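fold the stuff below for me.
(one chain, ligands or ions: 1)
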Amino acid sequence: MFKDKLIVVGITGSIAAYKAVELVSNLRKKGADVHCVMTDSAQEFLTPLTLRTLSQNPVITAMFAEPKRWNVEHVGLAEAADLVMVVPASANIIGKVCHGIADDFLTTMIMATKAPVLFAPAMNVQMYLNPIVQKNIAVLKEQGYHFVGPGSGNLACGTEGQGRLIELSVILARAEELLVKEKPLLGKKVLVTAGPTREFLDPVRFLTNRSSGRMGYAVAKQAYLLGADVVLISGPTEIQPFPGVQCIRIETAQEMYEAVLAQWEDCQVIIKAAAVADYRPQSRNPEKMKKQSGDLQLVLSRNPDILAELGKKKKSQILVGFAAETENVLASAAEKAMRKNLDFIVANDVTREGAGFALDTNIVSFVFPNGEIRELEIMSKDDVAKAILKEVIKKLQMRSDGDG
Ligand code: CTP
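Numbers count the residues shown, from 1 in each chain. Just a heads-up that it's a prediction; the model follows:
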């Protein structure tokens with residue numbers, strides 16, 4: 001999302017200015033063209049040299065310095081920017097922008113830009129709670145400016161409360177959201193399942209599988225970025241959901257079944273990327289099982305097939321399944337798409353290099369119940385998620401045109 005985007009990072013006078021260093025470095029690593037603008041006070045906390053080195057671009061520190069390019073610099077940057085981020089944003093910059101004061105490079109540039117502007121406030125709790133600051137923020141929000149944070153916790157001034165610069169991951173998530181201009185899933189509710197399930201033998205032992213959850217988490221994130229209200233029902237994973245995605249954590253297939261049934265009805269789209277265990281131990285020992293001499297035989301009972309159940313119940317919902325196969329990939333997927341009444345199934349051969357569990361890439365095909373097949377190249381799980389949602393959006397569009 002950040003690749004080749006021109007992002008202006010405005011840094012103002014707050015002790016949190018040092019955190020802009022990590023932000024700039026992160027944006028660069030993600031492929032953005034980062035231009036830093038520092039106010040006079042910011043330069044008391046941080047040197048332009050640090051930001052110049054990390055952004056690999058000149059840092060703008062003064063309004064009337066000799067421009068690095070031929071054009072009127074603040075206008076040039078304001079026009080070229082895809083996004084302006086003010087991190088950290090002091091009470092002073094918020095007040096100045098709110099009242100139309102443009103007395104330095106940053107305020108002038110903000111005044112001249114049509115790009116979205118995102119403020120991440122950082123200040124003392126009393127300053128933040130001051131009704132003047134609160135009113136300024138409310139006015140700016142009304143005018144279409146964006147805010148992220150602040151968070152709560154220990155503040156540099158020795159007090160505790162709201163005013164800390166919110167975590168970088170949250171700032172980056174909001175930035176990503178603002179960079180996606182088209183929101184075709186606005187007003188739509190999307191349910192995504194992800195990760196493995198755990199089927200317990202006793203309180204410490206369970207049967208599970210190798211699913212990392214990455215594919216489902218990528219789908220949830222991309223659906224959110226496209227404007228959807230996203231509910232992610234997830235088995236145990238190490239991944240954090242994208243900020244803004246509502247995450248319901250479960251462990252067993254039965255718990256996933258109950259959570260899905262409680263949520264699916266008012267959803268327009270359901271994407272089942274979870275690797276649900278088909279079987280569970282017939283009984284779950286309340287205490288840790290003791291070993292016995294000789295072999296142990298386990299009896300397994302069938303878990304509900306959540307996807308098949310939704311296929312029976314669905315009304316106008318778009319229902320998408322996944323099939324991780326090791327043989328007869330396309331034929332088995334087509335059979336499942338038919339049998340489970342799906343709109344399409346995302347099939348992958350998990351034995352192929354670059355596909356399957358715990359990787360950042362996947363190689364998938366979309367298989368439709370009418371036998372149609374669309375094979376996709378090897379791509380990142382984020383790109384697979386985008387392709388899935390593009391197909392979903394096409395189907396939603398056809399449905400609203402009364403065509404599908
Ligand atoms: N699924 C489900 N509930 C289950 C099992 C699977 O909802 N109890 C969903 C998965 O989320 C996935 C799809 O069904 O979208 C996988 O199909 P499935 O036929 O269950 O695949 P496997 O169990 O992997 O394969 P097979 O039945 O062929 O062994």
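
identify the residues contacting the helix-or-strand element of the chain with minimal mean pLDDT?
Lowest by mean pLDDT, DSSP states H and E among the helices and strands of the chain is helix 73-80, with a mean of 82. For helix 73-80, contacts defined as Cβ atoms under 8 Å, 6 or more residues apart in numbering pick out 6, 8, 35, 37, 60, 63, 67, 69, 84, 105, 108-115. C-betas here are computed from N, CA, C, even on glycine.

filter those residues to the buried ones?
Buried members of those, counted by 16 or more other Cβ atoms under 10 Å: 6, 8, 35, 37, 60, 84, 105, 108-110, 112-113, 115.

just those residues: which are in helices?
Judged by DSSP state H, the buried ones among the contacts of helix 73-80 include Phe105, Thr108, Met109, Ile110, Ala112 as members of helices.

buried stuff in stretch 266-281?
Those would be 267-277, 280-281, for stretch 266-281 by 16+ other Cβ under 10 Å.

which pair in those residues spans the largest distance?
In the buried residues of stretch 266-281, two members sit farther apart than any others by Cβ to Cβ. They are Gln268 and Pro281, at 36.2 Å.

just checking, Asn348 touches Leu359?
No. Assessed by Cβ atoms under 8 Å, Asn348 is found out of contact with Leu359, at 10.7 Å.

the two: which has the busier surroundings?
Just comparing Asn348 and Leu359: by other Cβ atoms under 10 Å the higher neighbour count belongs to Asn348, 22 against 16.

secondary structure of that one: a helix, I assume?
No. Read with DSSP: H, G, I helix; E, B strand; the rest coil, Asn348 is strand and lies in no helix.

for the ligand, see how far away it is.
Between Asn348 and the ligand the computed distance is 11 Å (Cβ to the nearest ligand atom, to the nearest Å).

check contacts around that residue.
By Cβ under 8 Å, 6+ apart, the contact set of Asn348 is Phe322, Ala323, Ala324, Glu325, Val329, Ala355, Gly356, Asn362, Ile363, Val364, Ser365.

the second one and Leu342 touch, don't they?
It refers to Ala323. No. With contact defined as Cβ under 8 Å, Ala323 does not reach Leu342; the gap is 9.8 Å.

more crowded one of these two?
Leu342 (27 against 23).

follow-up on the earlier one: now the least confident helix or strand of the chain against helix 105-112, angle please.
Angle of helix 73-80 versus helix 105-112, following axes from the mean of the first three to the mean of the last three Cα atoms, to 10 degrees, is 50 degrees.

do you know how far Ala347 is from Glu377?
Distance, Ala347 to Glu377, using Cβ to Cβ, to the nearest Å: 15 Å.
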